[in-house]
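Undergrad: Here's my sequence, what's the structure:
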Amino acid sequence: MKIKVRVVKKKVIEKSIDTEYIRLDAFLKLCGAVQTGGHAKNIIQSSLVKVNGEVCTMRGKKLRKNDTAEYENKVYKVTQP
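TA: Below you'll find the model as predicted:
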């Protein structure tokens, strides 16, 4: 029996920031991944967010240029102008 596996590419969304870093919860709000800070806090503490490929439960995690945050099969990348 053959099994077909379909690999879905994750959508990458780039978001530019004007500062040296941004907190993870604020970045998710900025990207539109969540509507409120409370929602961001809940998903981060529930281990649903990955930062640079690893599960992160620190909502104050500092993201810098080229860092990525992954949530619901979307990858959000930090860029700077």
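
Undergrad: which residues touch residue 18?
TA: Residue 18 sits next to 80-81 when contact means C-beta atoms under 8 Å, 6 or more residues apart in numbering. Bear in mind the C-beta positions are built from the backbone N, C-alpha and C, glycine included.

Undergrad: Let's verify residue 39: helix, strand, or coil?
TA: Residue 39 carries the three-state label helix when classified by DSSP: H, G, I helix; E, B strand; the rest coil.

Undergrad: ok, it - how many residues close by?
TA: Look at residue 39: counted by other C-beta atoms under 10 Å, it has 14 neighbours.

Undergrad: oh, and call the first residue 34 from now on, that's how I've got it
TA: Okay, residue one is now 34; in that scheme the one you just asked about reads as residue 72.

Undergrad: what separates it from residue 61, distance-wise?
TA: 8 Å (C-beta to C-beta, to the nearest Å).

Undergrad: now do residue 106
TA: Taken as C-beta to C-beta, the span from residue 106 to residue 61 is 14 Å.

Undergrad: pLDDT wise, what is the most centrally placed residue in the chain at?
TA: For the chain, the residue nearest the mean C-alpha position is residue 102 (2.3 Å; C-alpha atoms, centre = their mean). You'll see residue 102 listed with a pLDDT of 97.

Undergrad: if I read this right, it contacts residue 59, doesn't it?
TA: No - applying C-beta atoms under 8 Å as the test, residue 102 and residue 59 come out as separate, 10.9 Å apart.

Undergrad: I am finished for the moment; much appreciated.
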